[in-house]
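Visitor: Here's a sequence, model it:
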Amino acid sequence: MKEVYIMNTKRFLACLLASAMMCGAMASCGSEKKDSDSSSKKAETTEAETTTVEETTAAEEETTVAAETVAIEDTEFEDSIVAESGDAYLAIVDGQWWIQYWGKEDQTMLTYNAGVEQITGNGDYTVSVTADTNGFRYDTTGDASDNSCVPSGLEFLSVMIKDGETKFPGAVITVNSIKVDGNEIPMSAKAYTSSDDGVETRANLFNKYVNEPSPDARSVDGNLYDADGNATPACADYSPQVVSPDDFASWTTVEVNFTISGMDTDKAADGGDTAADEAAPDEAPAEEETTAE
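Guide: Sure, this is the predicted structure:
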């Protein structure tokens, strides 16, 4: 009887131990499931947050681009002026060799509203460049309303005539005045006419790379060198550097007025004929015949 009791006790303890182990296993499984569910939810939350941030950033970028596009579309840009054959223009380079104009389309900063004139004969002309344009401001700052960029310094300045040597051989440029932002600046010498490539005609106003008139220099006083290459007395009055860079410490608009001479015809006046045709005298109106009544 005692042995039966002991056996029953052992069986009971064994069952109790087995039950305890099963409960522990179930609890462990439940914990793992909870941890798995929690990690899954965290991953889903992180992915959702990342997606939201990316979508928000993309939306902000699209809004910014759209706003910039509207701003550009609402901005009225000036005409970009390019010198054609026979045109006079003002070539200029700032002190940093960044802002410049050579009458070409690829130097867009100063092409806007550039003052270019077609040479049609002897007479007065004016050429100019200006940084006071929406186009200049947009090209230099990316904002047509931002005027923080102002040209400064001077490396080169010259009146140029595109194809002048072939279209107007022997023409002479006489510079009358130079204005910076509306103020006339002094000239320390006279500007001569020459060409460095046999195609374009020029009158150097500031060329730091040349110290004296070139051998082909001509002026209203005639050629500045004789047939033997000797400088004439008038040559001393002329220079490739007639202005001081100090007067270009900061500038927005530069304007040069000059006279063309040495051509066969005179400049058209107010859109009239280039050649100075002699107009026939007006005929006197015929008197009305009076019929006697």
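Visitor: who's in contact with Lys167?
Guide: Going by Cβ atoms under 8 Å, 6 or more residues apart in numbering, Lys167 touches Ser85, Gly86, Ile119, Ile161. All C-beta atoms are positioned from the backbone trio N, CA, C, and that covers glycine.
Visitor: does the last one really touch Val199, like I thought?
Guide: Spelled out, it's Ile161. No: using Cβ atoms under 8 Å, Ile161 is not in contact with Val199, being 9.9 Å away.
Visitor: Who has more neighbours out of those two?
Guide: Ile161 (30 against 13; other Cβ atoms under 10 Å).
Visitor: In space, what's closest to that one - neighbours in sequence excluded?
Guide: Using Cβ to Cβ, 6 or more residues apart in numbering and skipping residues adjacent in sequence, the residue nearest Ile161 is Thr201, 4.1 Å away.
Visitor: domain assignment for the protein?
Guide: Following automatic domain parsing, the chain resolves into domains at 1-74, 87-261.
Visitor: right, and the residue nearest to Ile161 touches Ile173 too?
Guide: Yes: between Thr201 and Ile173 there is a contact under Cβ under 8 Å: 6.9 Å.
Visitor: hmm, back to that, most surrounded residue in the contacts of Lys167?
Guide: Ile161 (30 neighbours).
Visitor: wait, what's in contact with that one?
Guide: By Cβ under 8 Å, 6+ apart, the residues touching Ile161 are Gly86, Asp87, Ala88, Ile119, Lys167, Phe168, Ala171, Ile173, Glu200, Thr201, Arg202.
Visitor: partners of it in the sheet?
Guide: Ala88, Thr201 (DSSP bridges).
Visitor: Tell me the strands beside the host helix or strand of Ser177, with direction?
Guide: Assigned by DSSP states H and E, Ser177 belongs to strand 172-180. Strand 172-180 sits in its sheet next to strand 183-184 (antiparallel), strand 253-261 (antiparallel), going by DSSP bridges.
Visitor: Give me the residues contacting the last one.
Guide: Strand 253-261 has contacts (Cβ under 8 Å, 6+ apart) with 88, 90, 92, 115, 119, 121-132, 157, 159, 168, 171-182, 203, 205, 220, 248, 267.
Visitor: Recalculate using a threshold of 6 Å.
Guide: Identification of contacts with strand 253-261 by Cβ atoms under 6 Å, 6 or more residues apart in numbering yields 90, 122, 124-130, 159, 171-181.
Visitor: for stretch 189-199, same thing?
Guide: 165, 172-173, 175, 201, 203, 205, 213-214, 216-219, 237-239, 242.
Visitor: ok, now stretch 86-104?
Guide: Under the criterion Cβ under 6 Å, 6+ apart, residues 83, 107, 109-110, 116-119, 125, 127-129, 151-153, 155-158, 160-162, 167, 256 lie in contact with stretch 86-104.
Visitor: Can you list which of the residues you listed are found in helices?
Guide: Lys167 (DSSP state H).
Visitor: Quick one: neighbours of Ser195, just the number.
Guide: Look at Ser195: counted by other Cβ under 10 Å, it has 18 neighbours.
Visitor: That should have said Glu165, apologies.
Guide: Using other Cβ under 10 Å: Glu165 sits among 18 other residues.
Visitor: Then Glu76?
Guide: Neighbourhood size, Glu76 [other Cβ under 10 Å]: 7.
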